[in-house]
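Q: Sequence first, predicted coordinates after that:
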Amino acid sequence: MNHKPSYRNVHNRFKLNGNSYSFDDLLEVAISYIKDGEPHQKEIGNFLLDWIDSKEDIVLQTSGSTGTPKTARFPKQAMVNSALATGNHFNIKIGSKALNCLPAKYIAGKMMLVRAMILGLELDVVQPHGNVLAYNTHTYDFAAMVPLQVENSLSNLNQIGTLLIGGAATSTQLIQKLKTKKTKCFITYGMTETLTHIASMPIPSEKSFFTTLADVQISVDERKCLCINVPYLNKDTIITNDLVTLESNSSFKLLGRVDSVINSGGVKIIPEVVEQKISSFMSTNFFIGSQPDKQLGQKVILVVESQKNKEDLIQQIKERNILNSYEIPKKVFYMKSFTYTENGKLMRSKTLELLFDRK
């Protein structure tokens with residue numbers, strides 16, 4: 001019978017920054033990182049201490065991009081199961097060289113460590129800043145980054161064989177740039193509650209559909225929001241606020257968040273859909289939001305991250321004839337900087353709060 005490894009079964013091919021470690025060695029590594037390490041290493045040390053203790057579960061924290069950060073307990077075995085599912089989905093081989101450039105404070109960085117320990121990877125851990133390949137000439141079979149890191153690493157991206165991109169929306173402009181790279185790039189879909197990704201979309205993708213990992217079951221509720229059942233996580237069905245269309249029982253297209261939908265004059269508008277339509281000619285970060293309006297209830301606005309106002313932007317959007325009359329922004333606001341989470345995910349609500357507090 002083929003038994004799944006437990007969290008104590010650290011693979012004998014596992015290496016961390018060039019050194020081999022067994023499960024019993026991890027305590028010494030954790031103490032060393034916490035005592036003498038840099039901030040990102042201290043986070044790794046804290047996670048390793050939690051990983052090797054006698055408890056069967058572990059406390060994880062969400063990023064807080066759509067609200068107040070929350071914590072929840074997850075079985076360590078579920079994290080092991082997630083690592084195995086990722087290894088199968090992306091065909092990650094024992095002994096592959098991997099790069100972890102994500103903070104171990106959050107699930108994405110934690111799961112890179114778990115994958116390395118369980119799948120037997122040779123993992124290099126670097127400080128999770130914006131340009132992680134700037135002074136790194138090593139080549140890697142496997143890595144995961146947020147879009148900002150990918151953007152800053154484009155000139156060196158061919159050092160990576162397979163790259164997972166998640167944590168924030170990937171712009172149309174970045175996707176176009178990635179099409180010229182040899183690296184196999186995948187946009188991933190997931191969250192803390194699913195222990196990172198449960199689906200991926202290759203770049204390029206003709207239909208922009210995500211394909212689920214093996215055994216993941218998906219459906220939609222009455223709101224047309226994605227519902228996820230992941231048997232290997234041993235949890236109840238996860239009900240999301242993500243609006244989707246199902247292509248099949250294992251693939252879906254992500255439209256946007258139900259809590260971001262704008263009701264303008266009785267017409268429901270999905271901001272992310274509008275953003276996708278105009279993204280090809282926007283040269284800086286932006287998003288579609290709303291503002292209270294006496295006649296419409298809510299009016300569509302465009303918020304741009306720029307110190308310079310671009311004249312006649314709404315007129316330029318109208319002339320392209322890609323939005324219907326309800327989708328066209330009624331007003332443009334410019335901000336010096338948006339509010340983001342640590343991993344680069346836009347915090348829409350907080351950014352709008354700052355915008356209108358300023359007015």
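A: Nice, I can see it. Not measured: the values here are computed from a predicted model.

Q: Once you drop chain neighbours, what's closest to Glu81?
A: You called it Glu, but residue 81 is Asn. Tyr232 (3.7 Å; CB to CB, 6 or more residues apart in numbering). The C-beta positions use only the backbone N, C-alpha and C, and glycine is treated the same way.

Q: Could you list which residues are in contact with that neighbour?
A: Contacts of Tyr232 were listed using CB atoms under 8 Å, 6 or more residues apart in numbering, and they are 78, 81-82, 84-85, 215.

Q: Could you pick out the buried ones from those?
A: Neighbour counting by 16 or more other CB atoms under 10 Å classes 78, 81-82, 84-85 among these as buried.

Q: any low-confidence regions in the stretch 101-250 of the chain?
A: Where the stretch 101-250 of the chain drops to pLDDT under 70, the residues are 234.

Q: tell me the strands in it, going along the chain?
A: Listed from the start of the chain, the stretch 101-250 of the chain has strands (DSSP state E, counting those that start in this stretch) covering 122-125, 140-145, 160-165, 184-191, 196-203, 210-212, 217-220, 225-229, 238-248.

Q: Buried residues in whichever helix or strand comes after the longest one, which are they?
A: Toward the C-terminal end, the helix or strand that comes next after strand 238-248 (DSSP states H and E) is strand 251-257. Within strand 251-257, the residues scored as buried using 16+ other CB under 10 Å are 251-252, 254-257.

Q: Return the member of the contacts of Tyr232 nearest to Ser96.
A: Leu84 (14.3 Å; CB to CB).

Q: got the phi/psi numbers for that closest one?
A: The phi/psi pair for Leu84 (degrees, to the nearest 10) reads phi -60, psi -40.

Q: What of Phe338?
A: Backbone geometry at Phe338, expressed as degrees, to the nearest 10, gives phi -90, psi 170.

Q: which residues touch it?
A: Phe338 sits in contact with 285, 287, 303, 305, 346-347, 351, where contact means CB under 8 Å, 6+ apart.

Q: in the protein, which residue is closest to the centre?
A: Among the residues of the chain, Gly167 comes closest to the average C-alpha position under CA atoms, centre = their mean, at 1.9 Å.

Q: Report the separation between the residue lying closest to Gln127 once chain neighbours are set aside and Pro147.
A: Of all residues not flanking Gln127 in the chain, His40 sits nearest, at 5.2 Å (CB to CB, 6+ apart). Distance from His40 to Pro147, counting by CB to CB, to the nearest Å: 19 Å.

Q: Could you do Leu26 as well?
A: With distances defined as CB to CB, the gap from Leu26 to Pro147 amounts to 31 Å.

Q: In this structure Arg348 contacts Ser260, no?
A: Yes: the criterion here is CB atoms under 8 Å, and Arg348 meets it with Ser260 at 6.7 Å.
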